[in-house]
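Engineer: could you work out the structure for the sequence below:
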Amino acid sequence: MLFAITEEENFKAMKKFILIISFFTFYISGFSNNSTGNSNAWDSDFKTEQIQPEVKLYPNPVKNQKVTIETINQELIEIRLTNIAGKEILLKTFDFGVNKHLIRLENIPNGIYLIQVKTSENKTVVKKLIVSAN
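Structural biologist: Numbers count the residues shown, from 1 in each chain. As a prediction, the model looks like this:
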């Protein structure tokens, strides 16, 4: 004997499927976003405004063995360069914060590196740096 599905049962099944998909979509996206789409509306009243440090890294890729690191709204207190294996290549600390610093990368082989910048407000920004002599 074959089971016959009525149109009403088919509609109920489709409705249930759409509700499940909708629930998971809202669950993953955090139920509600503001107009910028990057903040959860549930806790918007409790957030305090935090200024994220803006870090500029140029030129990237590095071709002349020199790279400049510049911060806009905070000061640099530490610069750390690591290779993709996690080995520390360079560490530069500053007793007094600076907004801009030139790093010479002599004897650094071509490759992809991570540069970690710690600011005067103890925030850390990580950027990818490509060293290429070609």
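
Engineer: which SSE is Leu19 in?
Structural biologist: Following DSSP states H and E, one finds Leu19 within helix 7-29.

Engineer: and Ile108, how many neighbours?
Structural biologist: 19 (other CB atoms under 10 Å). Bear in mind the C-beta positions are built from the backbone N, C-alpha and C, glycine included.

Engineer: in its sheet, what does the lengthiest strand in the chain sit against?
Structural biologist: Determined from DSSP state E, the single longest strand within the chain is strand 88-98. Here strand 88-98 has these sheet partners by DSSP bridges: strand 76-83 (antiparallel).

Engineer: and the partner strand, what's buried?
Structural biologist: For strand 76-83, the neighbour count (16 or more other CB atoms under 10 Å) marks 76-82 as buried.

Engineer: follow-up on the earlier one: name the helices or strands packed onto the helix or strand following the helix holding Leu19?
Structural biologist: Downstream of helix 7-29, the next assigned helix or strand under DSSP H and E is strand 55-58. Applying 3 or more CB pairs under 8 Å, 6 or more residues apart in numbering; DSSP states H and E, one finds that strand 55-58 makes contact with strand 66-71, strand 124-131.

Engineer: just to revisit the earlier point, and the longest strand of the chain with strand 66-71, angle?
Structural biologist: 50 degrees (axes from the mean of the first three to the mean of the last three CA atoms, to 10 degrees).

Engineer: where does this structure dip in pLDDT?
Structural biologist: Flagging of the chain using pLDDT under 70 yields the residue ranges 1-5, 22-53, 134.

Engineer: if we go to 50?
Structural biologist: 1, 31-37, 46, 48 (pLDDT under 50).

Engineer: so what's the closest residue to Leu105 other than its chain neighbours up against?
Structural biologist: Among residues not flanking Leu105 along the chain, Gln65 sits closest, at 4.7 Å (CB to CB, 6 or more residues apart in numbering). When contacts are counted by CB atoms under 8 Å, 6 or more residues apart in numbering, Gln65 touches 104-106, 108, 133.
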